[in-house]
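Undergrad: Need coordinates for the below:
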Amino acid sequence: MSNKNIRVRFAPSPTGPLHIGGVRTALYNFLFARKNGGKFILRIEDTDQTRFVPGAEDYIIEAFKWCGIEFDEGVTKGGDFGPYTQSERKAVYKQYADELITSGNAYYAFDTAEQLSEKRAAFEAEKKTFTYNAAERLNMGNSLSLPKEEVERLLESGTPYVIRFKMPENEQVVMNDLIRGKVEVNTSVLDDKILFKSDGMPTYHLANIIDDHLMEISHVIRGEEWLPSLPLHVLLYRALGWQEPEFAHLPLLLKPDGHGKLSKRDGDRLGFPVFPLQWKDPKTGELSSGYREEGYFPEAFVNMLALLGWNPGDERELFDMEALIEAFSIERVNKSGARFDAEKAKWFNHQYLIKKSNIELAEAFMPILKEHHVLADKEFVTQVIALVKERATFVKDLWDQSFFFFVRPEEYDTKAVKKRWKAASYQQMTELKELLLNTEPFTASHTEEVVKKWIEENEYGMGMVMNAFRLLIVGALKGPHLFDIIALLGQEETVERISNGLLTLGKKE
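TA: Reported below is the predicted structural model:
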């Protein structure tokens, strides 16, 4: 593939938060551009002013920053092909709409909303669906059906109109998709789409074609939902006498059960985010969860997303961004939809968590300790992390796995006490306290050796002793290797905890 002028774009509409499907589309564009030495552009498509949501554009930009997806040109960077916001390019579009009228590829349509509603109702009454197409266009109020003088009069008097594409009649459109191969559609099943609206703004169909051409976009990599629009877009390129870019339509992100497109409702219902960052709806105040706020590492999120619809052709699953760029190819993107798996997303985060250094995790954990009113030395926290990180999926899980290192037990797990605090436990733990008080050095390996020897010599049950011991130190039957715990707590704290436990639990009659 020649990488001389590879230019790709991601062009979201600021109509709300960015769905992870959109993030994946941007990611694949970014990987494709980087792999092939091309440029990646961020363009904001805000032609539909009625659906504009305040804060959505800033959200989109922040989401990509968090993910580490970088743009070479666009609303955040500038560049030689700006402006990169469609509403600022308004003057550009009308001339091309007029050009399509002049060449006979488009026409003025003066039908009012009421007239169109009446037409639809009349069709429905006959159990038919009304389509504004080659079969019906001459029955409507437009520059193809009305006399030339009437059209001129309507235009001069300022009568509202739209510009529609004149879809060729019964023509086979042959196209190529880099993922799906040859795509063929007959124009008889397509309608005359509106290209220019009465508010003086182009529709998405016209604006995106013009912008892609003027910005010299070489490859349009977008979601499968745009596949039905492909014939119109290709015909628009041809009608304007332009070379169309190469197209690739990505598979859908599916619900966990594989039935239908993944939606926010699925996330709400099943308890996982479908947005990269948390989003607060400016109208309703409704809060939607985000991967960042749930505690996912951006690199784990990106890794998980990359493998939803693409595979490297081998068994590898863990890729940092550099490795993804190296391995990525459009040819290995699947045709069929990719089922979202919330548990797999957590697995990725766990893999990235255990790969992080103990110091890095300790720094991330310090604010959580502060929330629990714990002031701890960073070196001590780092040593704790080393013992518990294998058990955590998120940084926030570290508290549940390690709180007993920072807080002495004040109460003891009731079930565990009932099951593990036996009649002999009080005497055995009293002996163990004395033993540990005189054990030097107080290292994990040495204390383990001493305690196990004492258990054997006294013919105590290993499980019985160790469970009672853990109960006094931790307050529950959980945590890493017990001798690692006491080595970190130190001799004084260990003995203190045994004393406290003996006082609280006392002798069992």
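Undergrad: excluding its backbone neighbours, what's nearest L206?
TA: Closest residue in space to L206, ignoring its immediate chain neighbours: L195 at 4.0 Å, by Cβ to Cβ, 6 or more residues apart in numbering. Glycine gets a C-beta too; all of them are placed from N, C-alpha and C.
Undergrad: Tell me, how many residues neighbour that neighbour?
TA: Neighbour count of L195, defined by other Cβ atoms under 10 Å: 26.
Undergrad: Contacts made by the strand or helix carrying it with the rest, please.
TA: In the assignment (DSSP states H and E), L195 maps to strand 194-196. Defining contact as Cβ atoms under 8 Å, 6 or more residues apart in numbering, one finds that strand 194-196 is touched by 93-94, 97, 100, 106, 109, 162-165, 202-203, 205-206, 236.
Undergrad: now do stretch 120-135
TA: So stretch 120-135 is contacted by 109, 116, 119, 136, 140, 164, 167, 169-170, 187-188, 190-192 (Cβ under 8 Å, 6+ apart).
Undergrad: Out of the contacts of strand 194-196, which end up buried?
TA: Neighbour-count burial (16 or more other Cβ atoms under 10 Å) applied to these gives 93, 97, 100, 106, 109, 162-165, 202-203, 205-206, 236.
Undergrad: how about these in JSON lines, adding distance to F403 and secondary structure?
TA: Output for the buried ones among the contacts of strand 194-196, formatted as JSON lines (distance: Cβ to Cβ, whole Å; DSSP: H, G, I helix; E, B strand; the rest coil):
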{"residue": "Y93", "distance to F403": "61", "secondary structure": "helix"}
{"residue": "A97", "distance to F403": "65", "secondary structure": "helix"}
{"residue": "L100", "distance to F403": "68", "secondary structure": "helix"}
{"residue": "A106", "distance to F403": "68", "secondary structure": "strand"}
{"residue": "A109", "distance to F403": "69", "secondary structure": "strand"}
{"residue": "V162", "distance to F403": "64", "secondary structure": "strand"}
{"residue": "I163", "distance to F403": "66", "secondary structure": "strand"}
{"residue": "R164", "distance to F403": "66", "secondary structure": "strand"}
{"residue": "F165", "distance to F403": "65", "secondary structure": "strand"}
{"residue": "P202", "distance to F403": "59", "secondary structure": "strand"}
{"residue": "T203", "distance to F403": "57", "secondary structure": "coil"}
{"residue": "H205", "distance to F403": "57", "secondary structure": "helix"}
{"residue": "L206", "distance to F403": "60", "secondary structure": "helix"}
{"residue": "L236", "distance to F403": "62", "secondary structure": "helix"}
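Undergrad: quick one, domains of the protein?
TA: 1-74+251-355, 91-178+181-195, 356-406, 414-505 (automatic domain parsing).
Undergrad: Neighbour-wise, which one of the contacts of stretch 120-135 leads?
TA: Busiest of those [other Cβ under 10 Å] is R164, holding 26 neighbours.
Undergrad: Would you mind confirming that that one is in contact with M140?
TA: No: using Cβ atoms under 8 Å, R164 is not in contact with M140; the gap is 9.4 Å.
Undergrad: Between those two, which contacts overlap?
TA: With Cβ under 8 Å, 6+ apart, R164 and M140 have common neighbours A109, Y132.
Undergrad: List the contacts of K90.
TA: Contacts of K90 (Cβ under 8 Å, 6+ apart): G200, M201.
Undergrad: That one - that's part of a helix, no?
TA: Yes: assessed by DSSP: H, G, I helix; E, B strand; the rest coil, K90 belongs to a helix.
Undergrad: would JSON lines of the domains of the chain with distance to E244 and mean pLDDT be doable?
TA: Listed next are these as JSON lines, based on distance: least, Cβ to Cβ, whole Å; pLDDT from 0 to 100:
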{"stretch": "domain 1-74+251-355", "distance to E244": "14", "mean pLDDT": "94"}
{"stretch": "domain 91-178+181-195", "distance to E244": "8", "mean pLDDT": "96"}
{"stretch": "domain 356-406", "distance to E244": "45", "mean pLDDT": "97"}
{"stretch": "domain 414-505", "distance to E244": "60", "mean pLDDT": "97"}
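Undergrad: Can you add distance to E216 and give those domains back as TSV?
TA: Converted to TSV, the domains of the chain look like this (distance: least, Cβ to Cβ, whole Å):
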stretch	distance to E216
domain 1-74+251-355	5
domain 91-178+181-195	15
domain 356-406	41
domain 414-505	58
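Undergrad: nearest to P231, of the ones you listed?
TA: domain 91-178+181-195 (4.5 Å; Cβ to Cβ).
Undergrad: Quick one: end-to-end length of the closest one, please.
TA: Using Cα to Cα, to the nearest Å, one end of domain 91-178+181-195 lies 15 Å from the other.
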